[in-house]
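Peer 1: My questions concern the predicted model and sequence given below.
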Amino acid sequence: MNRIVCVSLCVLATACGPKEPSRVATGSYTAHASSELTDAKLDIDVTAKTATLTPKNGAAIALTLTAVPEASWPTACPTNTSSTVVEVYTVSPDPLTAGTMSITAPKLKAGCGIDGANPSQVMLEGTSGEFSVGVLVNTQ
């Protein structure tokens, strides 16, 4: 009986412990049809800390990414027993103007899956009237 309790507590402690952070991945992303940036393309190079945003039927916009210190990353991807911190970059230029949309204080955040990190998804957001601007999904 004591072994069963011990094993159960160990499994529970592991499940409730900290999860690996969700990190932004280098790659090509396409905006969801439901986002304000529908069909926009975002190409990210994490090593170079650059990205290119190309709105549908628009000109490419060169972006510079500045890493936010890990201690300042927000908690996201909540489950019943845990959450995950997500990597964040501030984005220049600020404001970011894409077509008729202007995003003030733009940030690029790593994505969330069902119960933790999702390296194939990122969120480009800022203060543009409402908070969330668009979800971009990795197409690689």
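Peer 2: Arrived safely.
Peer 1: before we move on, which element is the spatially most central residue of the chain in?
Peer 2: For the chain, Ala110 is the residue whose C-alpha lies nearest the centre (Cα atoms, centre = their mean; 2.2 Å). Using DSSP states H and E, Ala110 sits in strand 101-112.
Peer 1: after that strand comes which helix or strand?
Peer 2: strand 117-128.
Peer 1: Please spell out which residues along that next one are buried.
Peer 2: By 16 or more other Cβ atoms under 10 Å, the buried positions in strand 117-128 come out as 117-118, 121-126, 128. All C-beta spots, glycine's among them, are computed from the backbone N, C-alpha and C.
Peer 1: Take these and lay them out in CSV including distance to Ala105 and pLDDT.
Peer 2: Shown next, in CSV, are these (distance: Cβ to Cβ, whole Å; pLDDT from 0 to 100):
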residue, distance to Ala105, pLDDT
Ala117, 24, 72
Asn118, 23, 73
Gln121, 21, 84
Val122, 17, 87
Met123, 14, 86
Leu124, 12, 86
Glu125, 9, 84
Gly126, 5, 83
Ser128, 9, 62
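Peer 1: Surely Ala71 is in a helix?
Peer 2: Yes - under DSSP: H, G, I helix; E, B strand; the rest coil, Ala71 falls within a helix.
Peer 1: Report the separation between it and Thr90.
Peer 2: 15 Å (Cβ to Cβ, to the nearest Å).
Peer 1: Good, we can wrap up now.
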